[in-house]
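A.B. asks: need coordinates for the following:
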Amino acid sequence: MTNLAAQAPDVVLMRKDLALVTFPFTLDLSAGGSRQIGPGEGTMLWQNEGGAWRIVAAHLTYTRAVEAQVTQQRR
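C.D. replies: So this is what the prediction gives:
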């Protein structure tokens, strides 16, 4: 399970069809029996393709992440 919550994005329109978006975020990631929680910074490049905005590049860096062992959940 991954939960990434972007906060206060800063959008710069580079061209009419290309936008650079930077934002702080919080991340909650569970995988392989461990869980990581922490803040980070994100950068995404969005392109408008035929009226639909799509992410064409992304870079996420998180800092001060805390890792904890979690119990396996029943499905």
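
A.B. asks: quick check: mean pLDDT of the longest strand anywhere in the chain?
C.D. replies: Criterion DSSP state E: the longest strand present in the chain is strand 34-49. Summarised as a single mean, pLDDT over strand 34-49 is 90.

A.B. asks: name every strand pairing with that strand and say which way it goes.
C.D. replies: Sheet pairing for strand 34-49, assigned by DSSP bridges, gives strand 18-31 (antiparallel), strand 52-62 (antiparallel), strand 66-69 (antiparallel).

A.B. asks: now those in TSV, with distance to residue 9, mean neighbour count and mean pLDDT?
C.D. replies: For the C-beta atoms, the positions are set from N, CA and C on the backbone; glycine is no exception. Listed next are the strands paired with strand 34-49 as TSV, based on distance: least, Cβ to Cβ, whole Å; neighbours: other Cβ atoms under 10 Å; pLDDT from 0 to 100:
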stretch	distance to residue 9	mean neighbour count	mean pLDDT
strand 18-31	4	15	90
strand 52-62	13	11	93
strand 66-69	24	9	53
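
A.B. asks: ok, which of these comes nearest residue 2?
C.D. replies: Among those, strand 18-31 comes nearest to residue 2, with 5.1 Å by Cβ to Cβ.

A.B. asks: re the thing from before, and the longest strand of the chain, which residues are buried?
C.D. replies: By 16 or more other Cβ atoms under 10 Å, the buried positions in strand 34-49 come out as 35, 37, 40, 42, 44, 46.

A.B. asks: please apply the same query to stretch 1-8.
C.D. replies: So for stretch 1-8, nothing qualifies as buried (16+ other Cβ under 10 Å).

A.B. asks: may I have it exported as PDB, CA atoms only?
C.D. replies: C-alpha atoms of stretch 1-8 as PDB (Å, rounded to 0.1, in the frame of the first residue of the first chain):
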ATOM      1  CA  MET A   1       0.000   0.000   0.000                       C
ATOM      2  CA  THR A   2       1.300   3.500  -0.900                       C
ATOM      3  CA  ASN A   3      -0.200   6.800   0.200                       C
ATOM      4  CA  LEU A   4       1.500   9.900  -1.100                       C
ATOM      5  CA  ALA A   5      -0.200  13.200   0.000                       C
ATOM      6  CA  ALA A   6       1.100  16.300  -1.900                       C
ATOM      7  CA  GLN A   7       0.800  19.600   0.000                       C
ATOM      8  CA  ALA A   8       0.800  23.100  -1.400                       C
END
